[in-house]
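Enquirer: A structural model of the following input is requested.
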Amino acid sequence: MSVIKENPGNEIVSDIDLQIIKFLRKDGRMPFAQIAKRMGVSTGKVRLHYQKMLKKGVLQIAAITNPLYMGRSKMAMIGIKADGTRIREIINEISEFEEVIYLVLLTGSYDLFAEIVCKDKDHLLDFLTEKLYKVKGIKDTDTFMYLELAKEEYA
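Expert: Sure, this is the predicted structure:
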C-alpha cells in the first residue's frame with residue numbers, strides 16, 4: 001500500500017523544479033534535452049533536478065490508463081463511514097481490493113472516500129456486497145455513480 005503523507009520535511013520545490021513539472025504535465029515523455037532547451041539551462045541540470053524530485057517523492061512516474069479502454073465502464077466514488085477504532089485496519093483491507101484506485105482518509109461527514117472502477121453494474125454490485133460491505137467496522141456508505149468525467153487532471 002502506498003500512503004501519501006503531508007510534506008514530511010517541509011521541503012519546497014524550486015522554480016526550476018516547478019518549470020520541469022509544468023513541461024512533464026503536458027508531456028510526461030518529453031526529453032530532458034527539450035525541456036532544458038525551452039528553459040535555457042543545461043540538460044544535466046534538468047536531469048539532476050528530476051532525479052532529486054523522484055528521490056524526495058515530489059514526482060512519481062506512472063502509466064495512467066483510461067478505465068473505459070481497460071474494460072471497466074462503471075466508475076463510482078464511495079463515501080464510507082467507519083468505526084474510528086478500526087480505521088487503519090479498514091484502510092488496509094479496502095486498499096487491497098483491485099477495484100479501488102483511490103482511497104483517502106478525511107474529515108467531515110465521511111471517514112473515507114474510495115474511487116472504484118468496475119466492468120459493469122453486476123461487477124459493482126458484487127464489489128459492494130461481496131467485498132466492501134463485509135469489511136468489519138464499516139458503518140454506512142453512499143455510492144456516487146459517475147455519469148460523465150468532465151475533467152481529470154493529475155497535479
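Enquirer: so Ala82 touches Ile138, yeah?
Expert: Yes - using C-beta atoms under 8 Å, Ala82 is in contact with Ile138, at 5.5 Å. Glycine gets a C-beta too; all of them are placed from N, C-alpha and C.
Enquirer: what residues are shared contacts of these two?
Expert: Ile90 (C-beta atoms under 8 Å, 6 or more residues apart in numbering).
Enquirer: biggest helix in the chain by residues?
Expert: helix 43-56 (DSSP state H).
Enquirer: list the buried ones in the following helix or strand past it?
Expert: Per DSSP states H and E, helix 43-56 leads on to strand 74-82 as the next helix or strand towards the C-terminus. If you call a residue buried by 16 or more other C-beta atoms under 10 Å, then strand 74-82 has these buried ones: 74-76, 78-80, 82.
Enquirer: on that earlier part again, can I get the longest helix of the chain in CSV? Just the C-alpha atoms.
Expert: Extracted C-alpha coordinates of helix 43-56, given in CSV (Å, rounded to 0.1, in the frame of the first residue of the first chain):
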residue,chain,number,x,y,z
THR,A,43,20.3,19.0,-19.9
GLY,A,44,22.4,17.9,-16.8
LYS,A,45,20.7,20.5,-14.6
VAL,A,46,17.2,19.2,-15.7
ARG,A,47,18.3,15.6,-15.1
LEU,A,48,19.7,16.5,-11.6
HIS,A,49,16.5,18.3,-10.5
TYR,A,50,14.3,15.5,-11.9
GLN,A,51,16.3,12.8,-10.1
LYS,A,52,16.1,14.8,-6.8
MET,A,53,12.4,15.2,-7.1
LEU,A,54,12.0,11.5,-7.7
LYS,A,55,14.1,10.7,-4.7
LYS,A,56,12.2,13.1,-2.4
